[in-house]
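*Asks:* Quick one, structure for this:
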Amino acid sequence: MCAHDTETGPARSRNWQGPWPKTPGRVLGTSFVRLYQLTLSGFIGNSCRHIPTCSEYGYEAIARHGLLTGTILAARRVGRCGPFGTSGIDNVPETIAGPLAALRHRATH
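*Replies:* Numbers count the residues shown, from 1 in each chain. Purely as a prediction, here's the structure:
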């Protein structure tokens, strides 16, 4: 059975489906992540150490927190994927605290 042939209906996207403001920066950032998923991701291999994958995490981080903050969160996540990095469930934070919060506030106002 293919991934798109489910008995419960059409397949859902592997990316975050929650509501998010469709600002130009977020749309651009999530489009780059989606382009990566459709092109280069298959060549790099499916050896993800985390759930969700780094590209899924990046998509959600940009969609929820904006282009700049989301990109920083995604870069930190990719940095944790090395051979001596972490593994397991690592979800995008609901809220941002510390220096990233100030950066996010400044970028949106």
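*Asks:* make it CA atoms for all contacts and neighbour counts henceforth
*Replies:* Will do.
*Asks:* So for Trp20, what's the pLDDT?
*Replies:* Looking at Trp20, its pLDDT reads 90.
*Asks:* What's the local residue count around it?
*Replies:* 15 (other CA atoms under 10 Å).
*Asks:* go on, Ala74?
*Replies:* Ala74, neighbours per other CA under 10 Å, totals 22.
*Asks:* what's the nearest residue to it if we skip its chain neighbours?
*Replies:* Gly58 (4.7 Å; CA to CA, 6 or more residues apart in numbering).
*Asks:* what helix or strand is that neighbour on?
*Replies:* In the assignment (DSSP states H and E), Gly58 maps to helix 54-65.
*Asks:* I'd like the next helix or strand past that helix.
*Replies:* helix 67-79.
*Asks:* Would you mark the buried spots in that next one?
*Replies:* By 16 or more other CA atoms under 10 Å, the buried positions in helix 67-79 come out as 67-71, 73-74, 77-78.
*Asks:* Name the helix or strand of the protein that has the lowest mean pLDDT.
*Replies:* helix 99-108 (a mean of 63; mean pLDDT, DSSP states H and E).
*Asks:* quick check: longest helix of the protein.
*Replies:* Counting by DSSP state H, the longest helix found in the chain is helix 24-38.
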